[in-house]
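Chemist: Predicted model, plus sequence, below.
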Amino acid sequence: MKTFRSSRLLLAFAVALFAATTAMAQSLADIAKDPQPGQILTYGMGYSNQRYSPLKAIDKGNVGRLVPVWAYSLNNPQGQESQPIIWNGIMYVTTHTSTVAIDAMTGKQVWKQELEFAPDVFKMACCGLLNRGVAIYEGKVYRTTLDSHVIAYDAKTGKQLWKTQVIDYKLGHAMTGAPLIANGVLMTGIAGGEYGTRGFIDGWDPNTGQRLWRLYTTAAGSDKGADTWPGDTAMKGGAPTWLTGAYDPDLDLVYWGTGNGGPWNADARKGDNLYVCSVLAFKPKTGQHVWHFQFSPNDPYDYDATEVGMLVDLKVDGQNRKVLAQANRNGFFYVLDRANGKLLAANPYVKVNWADRIDMATGRPVESAKTKSIRAGGDEEIWPSVLGGKNWEPMSWNPATGLAYANTLNMGWPYKYAKPEYKQGEWYLGIDFRGVIMPKNEPHGYLSAIDPMTGKSKWQMAWPGQPSMAGTLSTAGGLVFTGAATGEFIAVDAESGNKLWQFQTGSGIIGLPVTWERNGTQYVTVVSGAGGVWALLGDERMASVPAGGMVWTFAVK
């Protein structure tokens, strides 16, 4: 009898231990279901990167009663672009120096891990000292660092489990993006496209931090496409990968965007320069390249494609198609078949004069007279600017409206080639950089509701003064949430663009709002903290916007 009772007790203990362990273990099945009401386990609020929530307790009728329920200070004066991850009542947020776990109901800190960097690290961060968030998997949270490491922490305690150096940051590299988990592999990208570096994507064993594969994003040596680079220019050719990809589990394909060519002066690297300004589709287990689409061959204008876009289902010519939709920085909105990369649509969504159109048969831009003049040594005003028609900030999708919601830009820039000179750890441009041109008597940016197949906006909400570089969030409550450079967190009607609510967070918003549910209540969270690439351009109007990172959470009362 004692043996039987002991066996039962042992079995009960084992079951309890298993339950306790799995309560903190985020499986691949859990991640694939994202977002669920009480969890956000992926950058993009789902593998598809749609940033759409089916929650609808907060709607057009009651959004005006949103109030803050807690706020948490990040104790960091830099720009804040982190997207919160939420699991089991705990929220995970990053800055460039810290990773914090916060009780999602109270805003109280559960644990915090700080990073220290050598002073010269900061000069390798092109466009602000920031980090965009963590990945979570099987009880671990993962982040990248400005000095080019990947770190794994215990999600419950914050204990560091492993730390792996990716590359020597002194070569001009940095890491700011949130990692991606797909098919059991942890994936990260790299920044440094302005420093004469060679881009890549890495796959890691999430348990040990051992690198499984590396996919370079400039073709060299025996790589297919190496003939699109003269000499050894691919080795400093750019194509950084500093934002997070998307994943289609049915096709088992990861989609990752690549950035500008290096130097910006395209005359120094004559050829298409595969795979700059492209989207790469590859297998997560091996990094095997399956297909690619290049948006801007031989890119002279820093028209990054690093914000990979969204995986959505659309009707195209009367047929249901599974597509990748991207509002490219070059000013065209692209729709690709995500199984094979076939071009289905490409139309301007902002003012464009660098190209006349996209050739639908080849997918290549038909360059305008202005671009031809620049290639011949001319000095021209080009639209969109170096910041693009849309910058790094992700857009969102609402399947009910069939519209993409994006913060778009209305700016040009003066462009002329100069002699490129490579110096390790310094910008490698080769142009006469003179900033951007902001038109008089016109808004400099909009919140736009865009039809992916036409590029036309159903409506636009003009931003007064500074444009917004915050991400957007769409919900089944018929709302779009986003933030202003001057600190207002807002909700607008997804159908009309009418502003329904706003709250002043105290610092500019360049982060990514999310929504979630706990104990029957829907919440909305955003990280505020002015900075990022817009602040670096020296807009004097930003002097009146205080710095300081905060996490804000709201609910209807």
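Modeler: In hand now; what should we look at?
Chemist: all helices of the stretch 151-300 of the chain, in order?
Modeler: For the stretch 151-300 of the chain, helices defined by DSSP state H, counting those that start in this stretch do not occur.
Chemist: so where's the stretch 301-450 of the chain uncertain?
Modeler: For the stretch 301-450 of the chain, no stretch is flagged by pLDDT under 70.
Chemist: what are the ranges of the strands in it?
Modeler: Assigned by DSSP state E, counting those that start in this stretch, the strands in the stretch 301-450 of the chain fall at 310-316, 319-327, 332-337, 343-348, 355-358, 365-367, 380-382, 396-398, 403-409, 413-415, 445-450.
Chemist: okay, those in TSV with distance to residue 466 and mean neighbour count next?
Modeler: Placement of C-beta: from N, CA and C, glycine included. Formatted as TSV, the strands of the stretch 301-450 of the chain follow (distance: least, C-beta to C-beta, whole Å; neighbours: other C-beta atoms under 10 Å):
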stretch	distance to residue 466	mean neighbour count
strand 310-316	26	17
strand 319-327	20	20
strand 332-337	24	24
strand 343-348	23	19
strand 355-358	28	17
strand 365-367	30	17
strand 380-382	21	17
strand 396-398	21	24
strand 403-409	11	26
strand 413-415	17	20
strand 445-450	8	25
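Chemist: Indicate which one of those strands is closest to residue 503.
Modeler: Between residue 503 and the strands of the stretch 301-450 of the chain, the shortest gap by C-beta to C-beta is with strand 445-450, which sits at 16.3 Å.
Chemist: Give me the contact list for that closest one.
Modeler: By C-beta atoms under 8 Å, 6 or more residues apart in numbering, the residues outside strand 445-450 that reach it are 327, 333, 349, 395, 401, 403-410, 456-463, 466-468, 472, 480, 482, 492, 494, 497.
Chemist: neighbouring strands for that strand, and are they parallel or not?
Modeler: Sheet partners assigned to strand 445-450 using DSSP bridges are listed as strand 403-409 (antiparallel), strand 457-462 (antiparallel).
Chemist: shouldn't residue 370 be in contact with residue 380?
Modeler: Yes: between residue 370 and residue 380 there is a contact under C-beta atoms under 8 Å: 4.5 Å.
Chemist: so what's residue 56 up against?
Modeler: By C-beta under 8 Å, 6+ apart, the contact set of residue 56 is 475, 476, 477, 478.
Chemist: Could I get the buried residue list for stretch 162-177?
Modeler: Within stretch 162-177, the residues scored as buried using 16 or more other C-beta atoms under 10 Å are 162, 164, 166, 167, 169, 171, 172, 173, 174, 175, 176, 177.
Chemist: Export these to CSV and append columns for pLDDT and distance to residue 437.
Modeler: CSV is the format used below for those (pLDDT from 0 to 100; distance: C-beta to C-beta, whole Å):
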residue, pLDDT, distance to residue 437
162, 98, 47
164, 98, 43
166, 98, 37
167, 98, 36
169, 96, 33
171, 94, 33
172, 95, 28
173, 96, 31
174, 96, 28
175, 97, 32
176, 97, 27
177, 98, 29
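Chemist: lowest confidence element among the helices and strands of this protein?
Modeler: Counting by mean pLDDT, DSSP states H and E, the weakest-scoring helix or strand in the chain turns out to be helix 2-23, with a mean of 41.
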